[in-house]
Structures are given as structure tokens and as C-alpha cells.
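Student: next input, structure requested:
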Amino acid sequence: MLWNFIAHTTIITWFVLANSFSLIRLVVYRQFKSLPKEQQIPTFFSRFILISIISGCSWGAVSVWLFPSNELTQQTFIAFVIAGMCTGAVTTLSANTRAVGSFLVITLSPLLVQLTLSSWAISNAIALMVILFAIMMYGISKRLNQTITESFFIRHEHLLTEQALINSEKRYRTLFNQSADAHLLLKDDQFIDCNPMAVKMSNYHTAGELLATLSTNALKIKQSNTPVILLLTQQSKERAIKYGHTRFELDYMRLNGEIFALEVKLEGKTQQLNSLS
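Tutor: Predicted structure coming up:
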């Protein structure tokens, strides 16, 4: 668009400088991504502002070097191109409103000066539109910044909650494994886990072996000789879910056939998961 109106060396010089700045931004961005997250913000915060200013200078230079004084069509074209770059900058720089403000001021100020000094009557109207455009873009950047900030806070809270759940699970697993009582986890009427004490009490060698061989004949109701699975699904399970827990006695058969009395506490956590100890 400007090849026949601006010196070719000027166009090529600006083009090389602008792309060099873009290459520098790419290199800095890759360095930013390679750092651990806790080091990213402190290390690159000032660089983010500086590179935004340099980028604004490269596009502000368009209105100085590439602005044809007597060609309204080309002037309008330049105004649209710079406006497009400002719109793109708002979406990419809104993580920091200072960066957006610096870019808008540095990029649009030379254009406003050129439009004000232009001999075309419509240039003043275009300059006014540029001012309104800058105000609107900055307002949008502040709203985007607020959205980004809120998103970061939500993500941070989510990570904290997730970490708390992981820590809670680790503490639960430690207590579960180190308990002096035997514990079995029941889900959908199937035993899915047990602690080392349950394995030891049953005379099995591993938890998997115990869970795989646990049958309805291993645990029986002392009074009625009813298989424990039937008891859990029909009576005690409902009571445990309703009241939080229930207790009863069982005769327990070890792997070697030995039977001894066992007091069971059934804890109802949810309708899907119960703890039998």
C-alpha cells in the first residue's frame, strides 16, 4: 500500500526492525515458559513492561516514518492498521494494565499528531475517533485484566483445594495402614480394600489375596448364621448410612479354619462407600 509513496529503504528498515522486535519477544517468551512457575512472574514482570514499550515504539514509528502527508487513502489505511494492532495488544497484554496503557499511548500518540497536522479536513474527525478508540480499548483492557485476575484466583483456590484433598487422602491412608484394628472398605457390596492388620488377622499374606478370596462364608452373623454380605445390604448398611455407624458381632473364620468372635463397626460414609472394621 505504501510502496509507491514512501522511500523503499524506509519501508524495508521499519519492516526489519519490527520483525526483529517480534523475534526478541518470541525468545523472551520461550525463556519465560522454560522457568518454574514460581520464578516466572518475579523474573519477567519488568521485561514484560519493557518489551510492550518497545513494541509500541515500533508501531508508533509507522506514523512517523510511513505516513504519507498528502495521501488521505494511505493515511486512513495506516490508521486502521494501527487500530488493529492496538486491538490485538489489548487481548495479549491485558494481564498488566500498565503494559496496555504504555502500548496504546506510544502507538497512538504519533498518529494523533500526524492527523492533527494533516491538511485534510476529515483528519480531525479521524483523530477524535482515535482518541475515543483508545479510551474504549483501555476500558476493555481493564475488564479483561479483572477477568484474568479472577481466573487466576479461582485456579489458585482450586489448586489449594486439590492439594488439601491429596494431603487429606495421604493422612487417611497413613491412619488406615497403621491402625491397630482391622479395616475393610466396602463399595457396591464388594470389598475393595483392606489394611495390613486385616491381612494379618486373617492369616493371609497380601491384601489382594484376602480380597480375592473373601467370601460370604468367611464372616457370619453370630445369631442367625446369615452371610455378612446379606446383612450389610439389607440391615446394617441402611442403618450405618442413616445414623453414621452401627455395631454388631460376627464369627470370623481365618484362612486356617479357626473361628473367633469379632465385633464389627460399620461406618456409612456415602451410599457407595462403607468402612467395615
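Student: remind me what whichever helix or strand residue 264 is part of packs against, helices and strands.
Tutor: In the assignment (DSSP states H and E), residue 264 maps to strand 259-268. Strand 259-268 sits against helix 237-243, strand 245-253, strand 273-276, with contacts defined as 3 or more Cβ pairs under 8 Å, 6 or more residues apart in numbering; DSSP states H and E. C-beta coordinates here come from the backbone N, C-alpha and C atoms, glycine included.
Student: now do residue 82, the pLDDT please.
Tutor: Note for residue 82: predicted pLDDT of 92.
Student: make residue 1 into 50 and carry on from there
Tutor: I'll keep to 50 as the first residue from here, and by that count the last item is residue 131.
Student: quick one: it from residue 160, how far?
Tutor: According to Cβ to Cβ, to the nearest Å, residue 131 and residue 160 sit 6 Å apart.
Student: and for residue 300?
Tutor: 91 Å.
Student: these two: who's more crowded?
Tutor: residue 160 (25 against 16; other Cβ atoms under 10 Å).
Student: any idea how far that one is from residue 112?
Tutor: Taking Cβ to Cβ as the measure, residue 160 falls 4 Å from residue 112.
Student: list residues touching both of the two?
Tutor: With contacts taken as Cβ atoms under 8 Å, 6 or more residues apart in numbering, residue 160 and residue 112 have 127, 131 as neighbours in common.
Student: as a whole number, average confidence for the longest helix seen in the chain?
Tutor: If you go by DSSP state H, the chain has its longest helix at helix 171-227. Across helix 171-227, the average pLDDT comes to 89.
Student: what are the ranges of the helices in the stretch 50-199 of the chain?
Tutor: 57-83, 86-109, 111-114, 121-142, 146-166, 171-227 (DSSP state H, counting those that start in this stretch).
Student: so what secondary structure elements neighbour the first one?
Tutor: The helices and strands touching helix 57-83, judged by 3+ Cβ pairs under 8 Å, 6+ apart, are helix 86-109, helix 111-114.
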